[in-house]
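Novice: Return a 3D structure for these sequence lines:
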Amino acid sequence: MDIKRKVHQLIRKYKTDDPFALAQFMNIHIIYGDLGGKLGNYLKYKRSKFIILDK
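Specialist: Okay, the predicted model is just below:
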């Protein structure tokens, strides 16, 4: 599936384009940590989803 099409589907489904609100609706936890200059990372651990953002 095309990524742009998927994003538009999510925006229509949840009626928001705020990435933090979308993550909350999709049960994705957002964590801030020191990643050594890397902008971010995605992790799936024991059926839980995490987005880790650099401080």
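
Novice: CA only for contacts and neighbour counts going forward, please
Specialist: Will do.

Novice: Would you confirm that residue 29 contacts residue 45?
Specialist: No - under the criterion of CA atoms under 8 Å, residue 29 is not in contact with residue 45, lying 11.2 Å apart.

Novice: The two: which has the busier surroundings?
Specialist: Set residue 29 next to residue 45 and count neighbours by other CA atoms under 10 Å: residue 29 wins out with 15 against 7.

Novice: Quick check: closest non-adjacent residue to that one.
Specialist: Nearest non-adjacent residue to residue 29, counting by CA to CA, 6 or more residues apart in numbering: residue 50, 4.7 Å away.

Novice: Kindly state the beta-bridge partners for the one you found.
Specialist: Residue 50 has these beta-bridge partners by DSSP bridges: residue 29, residue 43.

Novice: That one against residue 32, yeah?
Specialist: No - using CA under 8 Å, residue 50 is not in contact with residue 32, being 10.3 Å away.

Novice: Neighbour count for the two, which is higher?
Specialist: Taking neighbours as other CA under 10 Å, residue 50 and residue 32 compare with residue 50 leading, 17 against 11.

Novice: ok, and what's touching the helix or strand harbouring residue 53?
Specialist: Applying DSSP states H and E as the criterion places residue 53 in strand 48-54. Residues from elsewhere that reach strand 48-54, judged by CA atoms under 8 Å, 6 or more residues apart in numbering: 27-44.

Novice: cutoff 10 Å now
Specialist: 23, 26-44 (CA atoms under 10 Å, 6 or more residues apart in numbering).

Novice: Show me what counts as buried in it.
Specialist: For strand 48-54, burial by neighbour count (16 or more other CA atoms under 10 Å) applies to 49-50, 52-53.

Novice: what about it, average pLDDT?
Specialist: On average, the pLDDT along strand 48-54 is 92.

Novice: So what's the gap between that strand and the chain middle?
Specialist: 7 Å (CA atoms, centre = their mean, to the nearest Å).
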